[in-house]
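**Student:** next one to model:
(chains A, B, C and D)
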There are 4 protein chains.
Amino acid sequence: MLYFNSDYTAGAHPEVLERLVATNLEHTVGYGNDAYSERARELIRTATEQREAQVMFLVGGTQTNATAIDGILRRHEGVLAAESGHIAVHESGAIEASGHKVLTLPHRDGKVSATDVERYIKEFYADDTYPHMVAPGMLYISQPTEYGTIYSHSELESLGRVCHENAIPLYIDGARLGYALMSEGADFTLQDVARIADVFYIGGTKMGALFGEALVVRNKELLNNLFPLVKQHGALLAKGRLLGLQFEALFSNDLYERIGRHAVTMAVRIREIFRSAGYEVVSESPTNQQFFRLPNSVIDRLHEFVSFDYWGARGEECSVVRFVTSWATTEESVEQLADIVASITK
Amino acid sequence: MLYFNSDYTAGAHPEVLERLVATNLEHTVGYGNDAYSERARELIRTATEQREAQVMFLVGGTQTNATAIDGILRRHEGVLAAESGHIAVHESGAIEASGHKVLTLPHRDGKVSATDVERYIKEFYADDTYPHMVAPGMLYISQPTEYGTIYSHSELESLGRVCHENAIPLYIDGARLGYALMSEGADFTLQDVARIADVFYIGGTKMGALFGEALVVRNKELLNNLFPLVKQHGALLAKGRLLGLQFEALFSNDLYERIGRHAVTMAVRIREIFRSAGYEVVSESPTNQQFFRLPNSVIDRLHEFVSFDYWGARGEECSVVRFVTSWATTEESVEQLADIVASITK
Amino acid sequence: MLYFNSDYTAGAHPEVLERLVATNLEHTVGYGNDAYSERARELIRTATEQREAQVMFLVGGTQTNATAIDGILRRHEGVLAAESGHIAVHESGAIEASGHKVLTLPHRDGKVSATDVERYIKEFYADDTYPHMVAPGMLYISQPTEYGTIYSHSELESLGRVCHENAIPLYIDGARLGYALMSEGADFTLQDVARIADVFYIGGTKMGALFGEALVVRNKELLNNLFPLVKQHGALLAKGRLLGLQFEALFSNDLYERIGRHAVTMAVRIREIFRSAGYEVVSESPTNQQFFRLPNSVIDRLHEFVSFDYWGARGEECSVVRFVTSWATTEESVEQLADIVASITK
Amino acid sequence: MLYFNSDYTAGAHPEVLERLVATNLEHTVGYGNDAYSERARELIRTATEQREAQVMFLVGGTQTNATAIDGILRRHEGVLAAESGHIAVHESGAIEASGHKVLTLPHRDGKVSATDVERYIKEFYADDTYPHMVAPGMLYISQPTEYGTIYSHSELESLGRVCHENAIPLYIDGARLGYALMSEGADFTLQDVARIADVFYIGGTKMGALFGEALVVRNKELLNNLFPLVKQHGALLAKGRLLGLQFEALFSNDLYERIGRHAVTMAVRIREIFRSAGYEVVSESPTNQQFFRLPNSVIDRLHEFVSFDYWGARGEECSVVRFVTSWATTEESVEQLADIVASITK
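**Tutor:** Got it, this is the predicted structure:
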């Protein structure tokens, strides 16, 4: 069976795992106060060119979003996000569970526009009843988005400017950030992201770690009591060095870039396979997630050999499916997929 | 100045106030355990033909919604509501503040359809990722809606049936319920509402009381620890008899119906005034709220003599405005409005 | 039957009620934006000598505490309070429901000491594990306390100094503040309270209003988005002028002082009645609540003619009971009580 | 340097790590729906003799407690726990953050008594004002406790009986459960714990896993929507198989018992070292945590060679310290400690 369900079906990249194995018997203090974690924080400060940033490692994406957003927002505020945003759809109401409304914006292929953000804020305050409504207290975007699409450098700058002008922080969910940085035609760098966002996180779970996300707080006054907040959210790992070790590995020897580049290359190849076989490519994704509309009959036959998921509900005749690549996607598996698609299609 | 801003610009209906004054010096136990409150509960059980219902008096609408919804939902569930629903728009995130997501449905003039409710639930469970999403745990509707429109008897029955079949409770926000019951062409009764809804409330604040809402819990297992929940939500009035006394007055001598009927009659007359003057009536409201699209110049001239509010933001040339009537709207004031409109329009 | 159960068994002081009746038919804007509310705010700013204070009217005490504390605390912080404090015991977990821990301190007759507050903070930060614990983010005290006792001027100053030095706000629950101000031997004024507390509230419900509490925010940066927060907590009254009118009455013609003085005089007389009859006075209360330890047989005989409550559970042979006075306690009723006690005791 | 700070200073037991390494390149579905997780659940159902139990793996202890307690309690309820309980002290208010009060009971060496639990409940309902207070909705105990002590079989049965009779669930925090099961003179088994508790968790983090806790829900109606609740609490691991693999290892070849037994043996030896050197043993702990009162001068000299923590704040002359063992504590390190203590003491 070939696996293209997601970027978290395998364990850790061998270079990451090796660090965990090599240090397993060492004793260190807990909760991220160890030397490995500090070294990883330094590597991230260097890579992002944010020497003063606060860096904190958490275990997973939903808890990172919930913790950061809960810490940034004031009680009467909500978070602006695309209707398709992960926090709006796929986190079982974690944001609301901490008391905050997700204020949704229309999206195009998963992206919100600076124009829409600005309009929302303007119209909000133009309505006399606004004190009875939830004030937009920050903006959440994901880069890449849940549709695999990316915000260009200028789009990021526009969003940053609108947020800045309206005095609301910009938070970027970087669960798959490395795939955006290494995407086809990416015109922005990690440093750009770090400079534009007030707070963002660099995903590990979907980028070769067993688990782990690195929250980077450039605008420190937004989250100046992060440690107890992380603990309160159940997001503090006792053996915190495990997070430090993994990010140390990811930010050494260009591993983070190498993982991103490899997965994107594999994804582009998969897109070619389906496109050249005549199937519709849904969402112009330049990253490691690719979406195709396939006849159900094709899906059923593919499923005999290939594991992948529906994107939404199964349709009457055709359905949208998602193929995802990662460090664990081999060239062999992609070429086998090519053969299978060819044999089904011919 | 004539006032048509809302149904809470004046104090209480004289028959309500009279009860408060007459009993002011009496001593009773607090928190609604007094005889007046018990009598009011009995009057409501009789009027609704729900002899076994639990009736609880709270002070205001937002707190009633927040308390009831918080008590009905389980932690992982959210509440379905129209995008235009009061809980979705105008309660400063009170539902989210107690940890629950408002799951929005499209609306037509403030109303949701049974078809849309059913589709939402079906599509929700058809999506494999549903355990990562917020489950629809109840349905909230307002009768009349925020647009002044009403659900017909058959629409209520359809919603009740969909809720019942999908095992989610139906909750009706009756902040202005009396205006729906007395609306033009209403084909349902208070007993119908009480039988179809699992839980609903009979609004007092906007129906002639100084304040107060009567929460009626037919399906008692949904809210079987209501007292501490109300207290926890800060919604328990120390001098609880004030609520009992007011609802006793409202449900004596047909006062609740009389108030509803009078306000609707006044509203219908106002609609005639604007329609016959050639202005667009927005939203087909048969209740005490009427919406018109007026040229800004007309609005500005009217505002010299008449107090009323915009409905949304002021437009470029025209804006939508809202006129609201209540027990305190006199025939004289409406005829004066007619004169003013006529003089402006001619 | 004579009533000494509480200070909320009767309606409103006649001078308060008269204001509501006199203005009942007027139309005003809602939510406290009316002229009466503004005048009441001005009267309170004047009376407290806090010209710049933000004043907001809420309906009840629990909701006022929950709203203010929720607004003042940051997410990872808790509120210090006496073990016997109202928020720690009798608010059905309203503080926790908004996400915050009540950090309890030992008390003496309902009072906490500045020494204990300081020690708590010092020991908290001396413990290496403190980032895993809930940080003390503010201090809550009630004046008078739940035991009817009062903090002296110097005790208030000491608490204020400890709070200030440790950079945590001091919040005073003044549900019965007027009875403290008018208590036997009170050596502090309303202006002192207003100057020492960062935020406090002047109780109306238990001081002659039908309902209502006036939240006074001297340190405005602590609660700079109070309106939506109040709304979110379900604590915003639609007909907000009702609150303004009542506080206007309370702060006119010395009514607030007169009510306090009368109730305290009555309470002192009740204490004399029981003390001279040989019963134990529990808690040295100089305010409108008095506590006695009585034989159960005496309690049972008194209950034939007098309504009053146990303070805690009924004991084996003796029990502690509470007698409370208010504006509605007449001299006649107190002298009747004297006769009844005398006849039972002889 | 010798390390006795805690049972989470090293990585994973080699047999656990080996499983992660051996399976690293495999692809499986996420979120615990994989075959390894299912096998681990079966092993736990067998080991606990609870064939119908629901077993769910979470990452850490605080999030497991917060999730389970949040799911079990109704909105108006709180959780009873020892004043010294982890949820009451060391979880940064995570229970309160989800809206619930921790109702504290006195403790003796970290343990609550069935008598105190029963008294609390009885006195609670004997107080007329109880609907204004937070109802005790469940009991939390930790086995072993935070002081290293254990509840005997009969104590567990008594607590279970009181809970059952009062219809409140019993929840056991088993972060270090294996050390209790293998403690000196333990007279209860894992099956006993599983039978007596309604819900409990088997700790992995402190018992040889990299991370992970196994929540065992015998009384399934208490937590019948656990998956979305876990997700909502940010406690759902994407690569869920990592948890399954670790628990599969722990519950194969008696590893869980072996780890427990080894650590307890090492702890007993450490106690002998300090006791025979004349130092006071604080808390009669038969488990892997040992507490000693040492002169500060001894502590300072020990700290040159040995890493261990204060238990509370440093005292004037003496302080209480904690020594903790685990699978990673070698006999050599303990004998080196013996030599160091001897050399300091002589």
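
**Student:** so which helix or strand takes in the closest residue to A:Leu226 other than its chain neighbours?
**Tutor:** Excluding its sequence neighbours, the residue lying closest to A:Leu226 (C-beta to C-beta, 6 or more residues apart in numbering or on different chains) is A:Met56, at 5.3 Å. Quick note: C-beta positions are derived from backbone N, CA and C, even for glycine. Per DSSP states H and E, A:Met56 falls inside strand A:54-58.

**Student:** partners of that strand, with directions?
**Tutor:** In the sheet, strand A:54-58 lines up against strand A:213-217 (antiparallel) (DSSP bridges).

**Student:** which secondary structure elements does whichever helix or strand comes after the strand it pairs with contact?
**Tutor:** Moving toward the C-terminus from strand A:213-217, the next helix or strand (DSSP H and E) is helix A:226-232. Counting contacts by 3 or more C-beta pairs under 8 Å, 6 or more residues apart in numbering or on different chains; DSSP states H and E, helix A:226-232 packs against strand A:54-58, helix A:61-72, helix D:94-97.

**Student:** helix or strand right after the longest one?
**Tutor:** Pointing back at helix A:61-72 there. In the C-terminal direction, the helix or strand that comes right after helix A:61-72 (DSSP H and E) is strand A:77-82.

**Student:** taking helix A:61-72 as reference, get the angle to that following strand.
**Tutor:** Relative orientation of strand A:77-82 and helix A:61-72, computed by axes from the mean of the first three to the mean of the last three C-alpha atoms, to 10 degrees: 140 degrees.

**Student:** hmm, who's touching the one helix or strand A:Phe274 maps to?
**Tutor:** Using DSSP H and E, A:Phe274 sits within helix A:255-276. Helix A:255-276 is contacted from outside by A:4, A:7, A:13, A:15-16, A:178-179, A:181-184, A:202, A:207-208, A:249-250, A:281, A:285-290, A:292, A:294, A:323-327, A:329, A:331, A:334, A:337-338, A:341, using C-beta atoms under 8 Å, 6 or more residues apart in numbering or on different chains.

**Student:** near chain C, which residues of chain A? Just list them.
**Tutor:** By C-beta under 8 Å from any C-beta of the partner chain, the part of chain A that sits against chain C consists of A:70-71, A:74-76, A:98-99, A:131-135, A:225, A:227-229, A:231-232.

**Student:** which residue is nearest the middle of chain A?
**Tutor:** A:Ala175 (2.2 Å; C-alpha atoms, centre = their mean).

**Student:** my read: A:Leu243 touches A:Leu215, true?
**Tutor:** No - taking contacts as C-beta atoms under 8 Å, A:Leu243 lies outside contact range of A:Leu215: 10.8 Å.

**Student:** overlap in contacts, the two.
**Tutor:** A:Phe57, A:Leu58.

**Student:** report the mean confidence score over the strand holding A:Met56.
**Tutor:** Strand A:54-58 comes out with an average pLDDT of 98.

**Student:** also stretch A:336-346?
**Tutor:** 93.

**Student:** before we move on, what about stretch A:213-221?
**Tutor:** Here stretch A:213-221 scores 95 as its mean pLDDT.

**Student:** so how far does that stretch reach from one end to the other?
**Tutor:** The straight-line separation of the ends of stretch A:213-221 (C-alpha to C-alpha, to the nearest Å) is 21 Å.

**Student:** same check on stretch A:271-281?
**Tutor:** Using C-alpha to C-alpha, one end of stretch A:271-281 lies 7 Å from the other.

**Student:** quick one: distance of it to the chain centre.
**Tutor:** 25 Å (C-alpha atoms, centre = their mean, to the nearest Å).

**Student:** and for stretch A:181-196?
**Tutor:** The chain centre lies 13 Å from the centre of stretch A:181-196; the measure is C-alpha atoms, centre = their mean.

**Student:** quick one: contacts for A:Arg39?
**Tutor:** Contacts here follow C-beta under 8 Å, 6+ apart; on that basis A:Arg39 touches A:Gly244, A:Glu248.

**Student:** show me the shaky parts of the stretch 1-150 of chain A.
**Tutor:** For the stretch 1-150 of chain A, applying pLDDT under 70 flags no range at all.
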